[in-house]
Every structure is written in C-alpha cells, then in structure tokens.
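Undergrad: Make a model of this:
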Amino acid sequence: MRDETRQEKLEVQDHLISRFLERASIRRSESRGYQRYDALKGQYEETEGQAAREWAAFCEDHLQVGHVARSRGNPKTGEKAISDTLEKMRKRLTEWRKYNVDDIDVAYKRFRLEERLLSQKEAVGHDNAENNMLFQELKTELHDYQKRLKKQEHDLHHLAQRERSSVNEITHINEKLEYFESLQEDLSDKLRESEEVLETSKRRLFDAHVRRDAGREKKTKLLESSELLTRQRLTDDFEEKVTLRNELIAKL
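TA: Coordinates of the predicted model:
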C-alpha cells in the first residue's frame, strides 16, 4: 500500500510538472503577442501623429499658395477654392481610412486624376470629351490606378484574414491557459489529498510497528516462563523434594 501511494504521488507530481512547463510555454507565447501588440500600437500612434503634422503643413502650404494667387487676381486658385479642395481631400482621406486603403499615395493620385478628368471634361465639353486625346490619356491612367487600388484591397483582405486568425489563436491560447490553471488547482487538491493519505498511512504503519514490538516482547516473556516449566533438571529437583517430604512425613 505504501509503494502504491508513493507511486501515485510521483505520477501526480510528474503530471503537474508537465502542465507547468506547458503553461510556461503558453505564457511566453502570450507575452510575445502582447509585446508585438504594444510595438504595433506605438508605431501606429507615432504614424498618426506624423500624418496629422504633415496634413497640417500640407494645408498651410496650399492656403499660402491660395493667398498669393488671390493677391495676383486669380480667383480659380484663390483661398476659398483651395479650402474647398482641401475639404474634399479630407473627406476622401476619411473614406480611404474607413475602407482601409493602404496605399494612400496611389489613392491620392487617383483623386487628382479624377479632378483633372472632370476639369478636362468641362473644358472640352461633355459631348467632345470621349474624342479628346488628353482626356483619354487621363482616363487610361485613372484606370491603371484603380487596378492598383483593387490589388491593394485584395492584399488588405488577406491581411485582415490573417489578423482575425491571430486574434482567434490568442483567444484559444487564453482559453487553454484558463483550462490549465483550473486543472492545476484540481491536481494541487489531489496532491494535498494524497499527502494526507500518505501521512495517515505512515501513522498507521508506526502504530503497527509499536504493536508488533510489544507482541514480540510479550512472546519472549511467555517463552521464558514456559521454559521454566519444561526444563528436565527442574522437574527432577521438584520430584526429589516431593520424595524427601514424603519420607520425612513417614518418619514422623
């Protein structure tokens, strides 16, 4: 029984060690994931700040150009026209961010081409636009940028799928970690119970040893007592004394 209890305790300890090592590996993976997330978050915030500063400088430069143009008497490139264009660009940028357009440079060039196409169409007339060579060149160039943006959207779709897969993997790791923590608690309880059983068995074994030693001592004393009764010399001496007693009684 003692060997079985000890073997059970060793098996529980081995199981706990194995689970602990697995949990440690999961912890390391989770820690690397959090570090990567923090790094990406910091990079994102830095990029956002840089983009805000560049946009403010971009607007300021264009407004300065509008101010100079207005002072020279050119209403088409005046401050209001520039402000309207900047507002239109701001709305487009918001739209691109909403749909996760990654290549802003390509999107911006497409936007400028659309503006040029519209201006060219107004300049040559809607009916004559299709026959205008410059209009066709701008249209072809716009189509090329649209294809490039389509490819960007396709790549972003795959990137979003990979991101969702990573999130699902982290969620699965967290669930597995919670399961191992719960399992460790159960195994710790079983280990404590096994230790209590082992202590009880040790006490019982000690009591059994005490009773065994007491029984051996009692047996030794009984053997010594019985030896006095069965020894031949003592028996002969007893018979001689009985005979002597009887003779003395007869003489009296």
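Undergrad: Look up how far residue 239 lies from residue 251.
TA: Using Cβ to Cβ, to the nearest Å, we find residue 251 at a distance of 19 Å from residue 239. No exception for glycine: its C-beta is placed from N, CA and C like everyone else's.
Undergrad: between these two, who's got more neighbours?
TA: When neighbours are counted by other Cβ atoms under 10 Å, residue 251 and residue 239 differ, and residue 239 comes out ahead with 10 against 5.
Undergrad: can you pull the buried residues of the one helix or strand that one maps to?
TA: Taking DSSP states H and E as the definition, residue 239 sits inside helix 232-251. Across helix 232-251, burial judged by 16 or more other Cβ atoms under 10 Å covers no residue at all.
Undergrad: Identify each buried residue in stretch 194-204, please.
TA: Using 16+ other Cβ under 10 Å as the test for burial, stretch 194-204 gives residue 194.
Undergrad: Alpha carbons of that stretch, as CSV, please.
TA: Provided in CSV are the C-alpha atoms of stretch 194-204 (Å, rounded to 0.1, in the frame of the first residue of the first chain):
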residue,chain,number,x,y,z
SER,A,194,-2.5,12.2,-1.5
GLU,A,195,-0.1,13.7,1.1
GLU,A,196,-2.8,13.4,3.8
VAL,A,197,-3.4,9.8,2.9
LEU,A,198,0.4,9.2,3.0
GLU,A,199,0.6,10.8,6.4
THR,A,200,-2.3,8.7,7.7
SER,A,201,-0.6,5.5,6.3
LYS,A,202,2.6,6.5,8.0
ARG,A,203,0.9,6.9,11.3
ARG,A,204,-0.9,3.5,10.9
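Undergrad: relative to helix 232-251, how tilted is the helix or strand where residue 205 lies?
TA: Take DSSP H and E as the rule and residue 205 turns out to sit in helix 133-230. Orientation of helix 133-230 against helix 232-251 (axes from the mean of the first three to the mean of the last three Cα atoms, to 10 degrees) gives an angle of 30 degrees.
Undergrad: Lovely, talk soon.
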